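Everything below, folded, please.
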Amino acid sequence: MKIFKHTLTATFGIATLATFFLPAEWADDIWFNVWRIIIMLVFLGLLLSYRINHRLAESVKKSPRSAQILMIVVPAAVLVFVLIQALWPGFAVLLVRKESWPFYRNAIFIKMAFQLIAIVFFAILVCNFIKKKQILPTIFACLVILVLIVMAGEEISWGQRILHWSTPNNWAAMNEQYETNLHNLATQVFQNVLYFGGWLLLVALPFGRNQITKFLSKFKKITFLGDWLPPTYFLIIFGAAFGLVDNMIADTGMHFGSILFSIIATAVILIYLIIPARGVLAERICWTLGIFMIALFFNLFVSEVWQFNSGAPTEYLELFINFGIMCWAINLKQRLLPVRQRHH
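Below you'll find the model as predicted:
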């Protein structure tokens with residue numbers, strides 16, 4: 001029976017993954033949408049039938065005061081952005097994508113600031129790992145730093161958005177926005193990787209933290225990765241942000257399988273968690289789930305921000321993802337760096 005269940009889960013998992021790579025145009029077919037949603041829901045149902053030991057109540061109870069504040073403040077910030085997008089779409093664009101000074105593309109500099117702060121904390125960890133001669137953690141942290149450096153460089157097109165140099169003709173011909181960067185060679189592909197990667201880091205990995213840690217403990221060389229997983233309470237802090245998606249009739253958003261799956265999975269996980277929750281924990285999950293649903297509804301059916309600037313809605317989600325990456329780096333430093341070293 002277990003073998004059958006494992007096989008079924010793997011089959012629907014592969015089928016779900018396959019929907020990520022199918023042409024986005026297929027989403028215009030209502031029956032394709034129905035079937036891919038069914039496949040995703042069956043896969044999620046099979047995963048949850050394993051009774052994942054998330055220990056969310058314990059994680060929230062032991063979380064620092066700053067984290068408990070973020071559980072209220074971050075979803076509240078999502079709600080504020082949703083209201084601005086719904087009521088003042090033109091102003092919502094100016095907040096993140098104004099194309100002239102002052103407030104020139106504010107979001108890219110805020111995101112880069114989050115990335116640079118994360119780099120600093122990872123660099124501190126690297127120094128600590130080197131002192132302890134921990135080779136694999138050092139390599140892994142350096143890889144994360146490299147990824148963050150690339151992300152920060154891409155945000156400002158490696159300085160072009162500050163110094164305003166001209167893009168070489170050959171490069172401009174390949175780049176969707178005629179800029180000196182890599183991500184606009186295939187904008188939607190890079191965005192999907194960022195959004196799905198952000199969802200994995202801030203929702204999926206925290207939810208399955210205990211099971212993943214237990215699995216990694218079987219392999220001595222990579223056991224340390226279990227300590228790198230974000231704490232479970234992260235999904236309460238950042239879950240609401242994944243309701244910030246493009247309008248359903250826009251060229252992005254729900255058309256793409258990975259984005260659709262992260263939306264459905266976030267809703268399923270939060271509902272799954274709220275059923276047995278009681279007291280303060282139930283209030284925290286209700287707060288996150290409620291704002292997630294409000295954000296999803298307004299972004300899909302009400303907000304017209306994308307009509308003013310097609311790239312503006314995505315900036316809001318990217319802000320929260322990069323803020324989450326920074327919080328992850330800070331949390332890692334607090335947990336992995338010995339107390340004595342922090343004090344000295």
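
pLDDT score assigned to residue 50?
At residue 50, the pLDDT value in this model is 85.

residues in contact with it?
residue 211 (C-beta atoms under 8 Å, 6 or more residues apart in numbering). The way it works is simple: take the backbone N, C-alpha and C, and place the C-beta from them, glycine included.

List phi and psi for it.
Torsion angles at residue 50 (phi, psi; degrees, to the nearest 10) stand at phi -80, psi 0.

The one 5 residues further on now?
Dihedral angles phi and psi of residue 55 (degrees, to the nearest 10) take the values phi 50, psi 40.

Low-confidence stretches in the stretch 1-150 of the chain?
Low-confidence segments of the stretch 1-150 of the chain (pLDDT under 70): 99-104.

now the helices for it?
2-20, 30-48, 56-62, 65-87, 89-97, 106-131, 135-155 (DSSP state H, counting those that start in this stretch).

what packs against the fourth one?
For helix 65-87, the packing partners by 3 or more C-beta pairs under 8 Å, 6 or more residues apart in numbering; DSSP states H and E come out as helix 89-97, helix 234-238, helix 279-301, helix 312-336.

Try it again at 7 Å.
Applying 3 or more C-beta pairs under 7 Å, 6 or more residues apart in numbering; DSSP states H and E, we find helix 65-87 packed against helix 89-97, helix 234-238, helix 279-301.

now the third one
Applying 3+ C-beta pairs under 7 Å, 6+ apart, we find helix 56-62 packed against helix 279-301.

and with 10 Å instead?
helix 65-87, helix 205-207, helix 209-216, helix 234-238, helix 279-301 (3 or more C-beta pairs under 10 Å, 6 or more residues apart in numbering; DSSP states H and E).

Highest mean neighbour count out of these?
Comparing those by mean neighbour count (mean count of other C-beta atoms under 10 Å), helix 234-238 ranks first with a mean of 28.

Next, report how far that helix is displaced from the centre of its chain.
Here helix 234-238 shows a centroid-to-chain-centroid distance of 10 Å under the convention C-alpha atoms, centre = their mean, to the nearest Å.

Following the chain onward from that helix, which element is next?
Using DSSP states H and E, the helix or strand that follows helix 234-238 in sequence is helix 257-274.

List the buried residues of that next one.
257-270, 272-273 (16 or more other C-beta atoms under 10 Å).

which of those lies closest to residue 288?
residue 270 (6.3 Å; C-beta to C-beta).

ok, now how distant is that closest one from residue 243?
Remark: distance between residue 270 and residue 243 (C-beta to C-beta, to the nearest Å) = 10 Å.

okay, and the common contacts of the two?
288-289, 292-293 (C-beta atoms under 10 Å, 6 or more residues apart in numbering).

quick one: low-confidence parts of the stretch 201-344 of the chain?
Within the stretch 201-344 of the chain, the ranges that satisfy pLDDT under 70 run 247-253, 338-344.

make it 80
Along the stretch 201-344 of the chain, segments meeting pLDDT under 80 span 246-254, 309-311, 338-344.

With distance to residue 141 as extra columns, can I get the helices and strands packed on helix 56-62 in a markdown table?
Converted to a markdown table, those look like this (distance: least, C-beta to C-beta, whole Å):
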| stretch | distance to residue 141 |
| --- | --- |
| helix 65-87 | 22 |
| helix 205-207 | 17 |
| helix 209-216 | 16 |
| helix 234-238 | 19 |
| helix 279-301 | 30 |
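
Return the residues in contact with residue 309.
Contacts of residue 309 by C-beta under 10 Å, 6+ apart are 89-90, 92-94, 96-99, 315.

you'd agree residue 120 is up against residue 149?
No - contact criterion C-beta atoms under 10 Å: residue 120 and residue 149 do not qualify, at 11.8 Å.

For residue 143, state which of the buried residues of helix 257-274 is nearest.
Distances from residue 143 to the buried residues of helix 257-274, taken as C-beta to C-beta, are shortest for residue 258 (22.1 Å).

my guess is that closest one contacts residue 36, does it?
No - counting by C-beta under 10 Å, no contact exists between residue 258 and residue 36, whose distance comes to 11.3 Å.

okay, and the common contacts of these two?
16, 19-20.

what's the closest non-adjacent residue to residue 116?
residue 152 (6.0 Å; C-beta to C-beta, 6 or more residues apart in numbering).

Check residue 179 too.
Spatial nearest neighbour of residue 179, excluding adjacent residues (C-beta to C-beta, 6+ apart): residue 157 at 4.6 Å.

Distance of that neighbour relative to residue 108?
In terms of C-beta to C-beta, residue 157 sits 9 Å off from residue 108.

repeat for residue 284
Residue 284 is 31 Å from residue 108, by C-beta to C-beta.

ok, now residue 240?
Noted for residue 240: a distance of 23 Å to residue 108, by C-beta to C-beta.

What residues of stretch 45-65 count as buried?
For stretch 45-65, a neighbour-count test (16+ other C-beta under 10 Å) marks 46-47, 52, 54, 56-57, 59-60, 63 as buried.
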